[in-house]
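1. Provide a 3D model corresponding to the input given below.
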Amino acid sequence: MNRQQKIDKYNEIYNFFTDARNHGNNGNNWWYPKQNVIAYNVKLYGGLWLESIRTELTDRQNDYYSDELLYDIIQERQNREAIILSDMVDDMDDVLSSGFAGRSGGWLEVEFQNYLEYIDEDFDNYTDKEITELYNDAQDLMNNQVKVEEFISTAKSNYEQYLKTPEAVSDLVEELLTDDEIGEIYKGRVKDILDKLK
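-> Numbering: from 1, shown residues only. Down below sits the predicted model:
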């Protein structure tokens, strides 16, 4: 690769980050574009179905847990997984921070540390060695962005596959109150009613 090609590639990478758009792999952003922030689609297509959960519950659990309460528990579990993913991305090279955005939180916005500066027409002031070093820095930044993208894509795919398994249902059921725990709650409610009648 000659000097001019390295400069062109460097500036292309510089523009990739500084002209980044939220929501859609640098596509059009209809909200608030931010330099060096790239959004990755983490929307889940599919998940746990209440019907499959209810078949694993005891009669007492089915009586105790409304559909709305089960949905809230599913949502809370997904929120926990999302936070874990964001924390892991935060630890990756060249990442300053990450957070969820979009109406349903279906985009993971990642802010990259970008030290690059645009090389204008005065590039004759740079030595060949400096151009090569700048080019290598830009390539490192882009390679780290690719790693982040691949990591997020793989994590999302693995989680979607997990949600289709019986293990996902049993893991959720294990988090629920047992029959004995629900029985204690019912006893407490009866005691409260009897105390009020006294």
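
2. Please point out which parts of the helix ranked longest in the chain sit buried.
-> Determined from DSSP state H, the single longest helix within the chain is helix 128-163. For helix 128-163, a neighbour-count test (16 or more other Cβ atoms under 10 Å) marks 131, 134-135, 138, 141-142, 144-145, 148, 152, 155-156, 159, 163 as buried. Where you see a C-beta, it was placed from the backbone N, CA and C, and this is true even at glycine.

3. who does the least confident helix or strand in the chain by mean pLDDT touch, helix- and strand-wise?
-> Ranking every helix and strand in the chain by mean pLDDT, DSSP states H and E puts helix 179-197 at the bottom, with a mean of 80. Judged by 3 or more Cβ pairs under 8 Å, 6 or more residues apart in numbering; DSSP states H and E, the packing partners of helix 179-197 are helix 59-64.

4. ok, residues contacting the helix it packs on?
-> The contact list for helix 59-64, computed with Cβ atoms under 8 Å, 6 or more residues apart in numbering, reads 54, 173, 176-177, 179, 182-183, 185.

5. Buried members of those residues into ChimeraX, please.
-> The buried residues among those can be selected in ChimeraX (16+ other Cβ under 10 Å) with this line:
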select :176,182
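
6. quick one, what contacts Arg3?
-> 128, 131.

7. now the one 3 residues further on
-> Residues in contact with Lys6 (Cβ under 8 Å, 6+ apart) are 131-132, 134-135.

8. Not counting its neighbours along the chain, what's nearest Leu70?
-> Residue nearest to Leu70 in three dimensions, not counting chain neighbours: Leu50, with 5.7 Å by Cβ to Cβ, 6 or more residues apart in numbering.

9. Which of the contacts of Lys6 sits closest to Tyr118?
-> Relative to Tyr118, the closest of the contacts of Lys6 is Leu134; by Cβ to Cβ it sits at 10.7 Å.

10. Distance to Asp8 for the contacts of helix 59-64 - can I get that in JSON lines?
-> Listed next are the contacts of helix 59-64 as JSON lines, based on distance: Cβ to Cβ, whole Å:
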{"residue": "Arg54", "distance to Asp8": "59"}
{"residue": "Val173", "distance to Asp8": "57"}
{"residue": "Leu176", "distance to Asp8": "58"}
{"residue": "Leu177", "distance to Asp8": "62"}
{"residue": "Asp179", "distance to Asp8": "68"}
{"residue": "Ile182", "distance to Asp8": "67"}
{"residue": "Gly183", "distance to Asp8": "72"}
{"residue": "Ile185", "distance to Asp8": "68"}
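
11. circling back: contacting residues for the residue nearest to Leu70?
-> Contacts of Leu50 (Cβ under 8 Å, 6+ apart): 67, 70-71.

12. again, only this time at 10 Å
-> Applying Cβ atoms under 10 Å, 6 or more residues apart in numbering, we find Leu50 in contact with 65, 67, 70-71, 74.

13. Output the below-cut-off pLDDT ranges for this protein.
-> The chain contains residues with pLDDT under 70 at 21-33, 190-192, 194-195, 198.

14. let's go with 50 and repeat that
-> For the chain, the stretches with pLDDT under 50 are 24-30.
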